[in-house]
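Enquirer: no sequence for this one, just the structure:
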């Protein structure tokens, strides 16, 4: 019997998990969970699907009720209770009953903070107007759903192109609301790189969403029953409702006022045991600053998976069992209409910002055997070390089977595996599920070819400003593909089956940049030219990757005209 008195401040993913774990470890500890809202554990990731009526019953969002939780774990649950201060010297917290405004103090031996994060709400003119909503909890979803159900809005603006913004945009369209996304960056889905996000941009447009990139909100104004959104690009959008999805910031007020160390971005600093700068206080979830698994640098991630793991680890350590959190990889997946977009580990832009050397490869593979009905292509970007081949990150855009592959790659990253290991992975195969060479294997083969020197790649972002006198783009696709999918202006066209017989016509003083639809035939062509004494490179990811990035290439290098205007 330990007699430890453990206070858990905040529920949902981190706090509720910590409470349950703590009780399983110590039947005799006194555990109190304070939650300022009504719900101690709910599926906040499911809120857009409830608004969209994919989840029909609101009660299905409740993972557990206070009554059920107390009965199962014998934990003192106090909802509508806000902890307003922590007296670390005397080991007391002050609690306010939100319903009665009564305050009282509670002694503690250990604390686990799980305050979460709050939506970013910039001080824009008109931001407090009616019909402008955030989505963070069940009451928020109730308000948004009631507005759609009762007022039948015809149009909406979603501010922000992150996870919640895109899920809400899809929900609104599926409920018959004409939707515009405003995003200040030049892409949606900031965790992935531009050329992968560009496929998402096209898919959003195909589904009727106006996607205004590099455009933000200047102010809001009321016009009758409508909201007028004035944008930074100087035009107004009139709509029936606005969803703010600009991002979240850690709720650090309680920790900061208690004198706990806070990181540069506002997260509560913790060590690998989830302990704060006070040895008796731990913190978990969206409010904490943790270690990035790849870079080793401080980072923050608002994801349910890491929050659950951190809650478990904090409970272990608070009750005397040493457990460590090794860092976060930010593994995530989102459904956007027919697309699934997933990522894990470091992106190219993060590695570039931190001056970490890397290489990247692009592959386009079928979700299952091509001869079995309904196979769909998925685009995989693999990022890895140029010296060891250790996998740094992966991004996938596709339809079926994306979630399966990103989980394999996340596991590989966590195990510090290399691209050579991906070549050898033995993954389940049957025609309805995969191919004998799984897309993960293919990604490994292509990346390993780069490291082994079997191919010299050039990338879409290398095309801007490239000398067009000494370099020739060589398209090895078939003629019918050019007719249907388009071509790159100024490129030389020789279908791959004719390449060997056309070798005498090629100039040994030039460098030939080969490309096909997705990269395979370009690689084969590269091997033919290389072994016949011709200078060559392969355009990684082929024409498909180039198309997605073309707009950015043109923006960065408009003078490179002959290859970029089609």
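Expert: Sure thing, it's come through. Just so you know, these numbers come straight off a predicted model, no measurement behind them. Numbers count the residues shown, from 1 in each chain.
Enquirer: Return the per-residue confidence for residue 552.
Expert: What the model reports for residue 552 is a pLDDT of 63.
Enquirer: my bad, residue 556
Expert: Predicted confidence (pLDDT) for residue 556: 56.
Enquirer: again with residue 470
Expert: 89.
Enquirer: Same check on residue 560?
Expert: pLDDT, residue 560: 45.
Enquirer: Equivalent analysis for residue 6, please.
Expert: pLDDT, residue 6: 98.
Enquirer: What are the phi and psi values at it?
Expert: phi -110, psi 120 (degrees, to the nearest 10).
Enquirer: Tell me, how many residues neighbour it?
Expert: Residue 6 has 26 neighbouring residues, counting by other C-beta atoms under 10 Å. C-beta here means a position set from N, CA and C on the backbone, and glycine is covered the same way.
Enquirer: right, and it touches residue 113 too?
Expert: No - counting by C-beta atoms under 8 Å, residue 6 stays clear of residue 113, with 11.9 Å between them.
Enquirer: and the closest residue to residue 34 other than its chain neighbours, what does it touch?
Expert: Nearest residue to residue 34, sequence neighbours excluded (C-beta to C-beta, 6 or more residues apart in numbering): residue 81, at 4.6 Å. Shown in contact with residue 81 (C-beta atoms under 8 Å, 6 or more residues apart in numbering): 34, 35, 36, 95, 96, 97, 98.
Enquirer: and with 10 Å instead?
Expert: Residue 81 makes contacts with 9, 32-37, 95-99, 102, 104, 106, as judged by C-beta atoms under 10 Å, 6 or more residues apart in numbering.
Enquirer: Same check on residue 67?
Expert: Taking C-beta under 10 Å, 6+ apart, we find residue 67 in contact with residue 77.
Enquirer: What are the buried residues along the host helix or strand of it?
Expert: In this structure, residue 67 sits in helix 66-73 according to DSSP states H and E. Across helix 66-73, burial judged by 16 or more other C-beta atoms under 10 Å covers 66, 69, 73.
Enquirer: same thing with stretch 316-332?
Expert: Neighbour counts using 16+ other C-beta under 10 Å place 316, 317, 318, 319, 325, 327, 328, 329, 330, 331, 332 of stretch 316-332 among the buried residues.
Enquirer: Tell me what the residue nearest to residue 34 is bridged to.
Expert: Following DSSP bridges, residue 81 is listed with bridge partners residue 97.
Enquirer: Quick check: it vs residue 103, distance?
Expert: From residue 81 across to residue 103, the span is 10 Å (C-beta to C-beta, to the nearest Å).
Enquirer: How far off centre is the helix or strand hosting residue 341?
Expert: In this structure, residue 341 sits in strand 339-345 according to DSSP H and E. What separates the centre of strand 339-345 from the centre of its chain is 6 Å, taken as C-alpha atoms, centre = their mean, to the nearest Å.
Enquirer: Now do that strand: which elements does it pack against?
Expert: If contacts are counted by 3 or more C-beta pairs under 10 Å, 6 or more residues apart in numbering; DSSP states H and E, strand 339-345 sits against helix 163-174, helix 194-206, strand 332-336, strand 377-384, strand 391-398, helix 402-414.
Enquirer: Note down every partner strand of it and its orientation.
Expert: In the sheet, strand 339-345 lines up with strand 332-336 (antiparallel), strand 391-398 (antiparallel) (DSSP bridges).
Enquirer: Please list the residues outside the shortest one that contact it.
Expert: The set of residues external to strand 332-336 that reach it, using C-beta under 10 Å, 6+ apart, is 45, 48-49, 54, 162-164, 166-167, 169-170, 188-189, 191-192, 200, 203-204, 207, 209, 301-303, 305, 340-344, 396-397, 402-403, 406-407, 410.
Enquirer: Show me which of those are buried.
Expert: For these, a neighbour count by 16+ other C-beta under 10 Å gives the buried set as 48-49, 162-164, 166-167, 169-170, 188-189, 191-192, 200, 203-204, 207, 209, 301-303, 340-344, 396-397, 402, 406, 410.
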